[in-house]
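Asks: coordinates for the following, if possible.
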Amino acid sequence: MKKRCFVWMLVMLFFLGTVCRLAAAADATAEHAAVKHAIEQSIGWAIEKDFEAMFRLWANDLFHFWLFSDSIVVGLENMKKHAEQWRDPDFRGTRFEFRDLRIVFSRSGDVAWYSCFLDDCGSYKGKEFCLKDVFQTGVLEKRDGRWQHALMHGSYPVDKIPENYVRRFYSGLFEKKDAK
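Replies: All right, here's what the predicted structure looks like:
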């Protein structure tokens, strides 16, 4: 009788452990999907121009550094000011794509960091423009039950800077060489 009770308890512990592992895996999958959605919407908001949805994705103490030095933004209130440029009715996001998106969670599960390559396209006065192959990284933290960006950074690897940017920002370097 004691042996049977002991075996029964072992079987129950085994099943309880399996159920707990499955529940943890399902929770991890849900968290991964929530973080992925927050990353996608940090760019995708521009298609519908849903500013309030965008602002909910950012932490109050955010740090944002994009491709150009005038895109350094610290704090949500400053992000709201920075975003005024996108309210222009002639601007609209048109499409975006994240490639090689990698998301890693902290041990505690309330911080996630990611990296990817991004194509971000929009239109201005009906003419489409695209930032292609931007290397994007970021950190999100789960605060008050939702994932928010604490940091976002975009850059080009030095060997992949688009030619129009090289000519725009570094043309002086080429003129000096050409004059010699």
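Asks: contacts, neighbours, all on C-alpha from now
Replies: OK.
Asks: tell me how far S115 lies from F65.
Replies: To F65, S115 is 14 Å away according to Cα to Cα, to the nearest Å.
Asks: three-state assignment of the residue most central in space within the chain?
Replies: Residue closest to the mean C-alpha point of the chain, counted by Cα atoms, centre = their mean, is I39 at 3.3 Å. At I39, secondary structure determined by DSSP: H, G, I helix; E, B strand; the rest coil is helix.
Asks: S115 and F65 - which one has more neighbours?
Replies: In this comparison of S115 against F65, neighbours counted by other Cα atoms under 10 Å, the higher total goes to S115 at 20 against 17.
Asks: ok so the more buried one is a helix residue?
Replies: No: when the secondary structure is assigned by three-state DSSP, S115 falls in strand instead of a helix.
Asks: excluding residues flanking it in the chain, which one is nearest it?
Replies: Leaving aside its sequence neighbours, S115 sits nearest to T137 (Cα to Cα, 6 or more residues apart in numbering; 4.3 Å).
Asks: which helices and strands does the helix or strand encompassing that neighbour pack with?
Replies: When secondary structure is defined using DSSP states H and E, the element that contains T137 is strand 127-143. Contact here means 3 or more Cα pairs under 8 Å, 6 or more residues apart in numbering; DSSP states H and E; on that basis strand 127-143 packs against strand 111-124, strand 146-155.
Asks: point out the most buried one among the ones you listed.
Replies: Each of the helices and strands packed on strand 127-143 was scored by mean neighbour count; the highest is strand 146-155, a mean of 21, by mean count of other Cα atoms under 10 Å.
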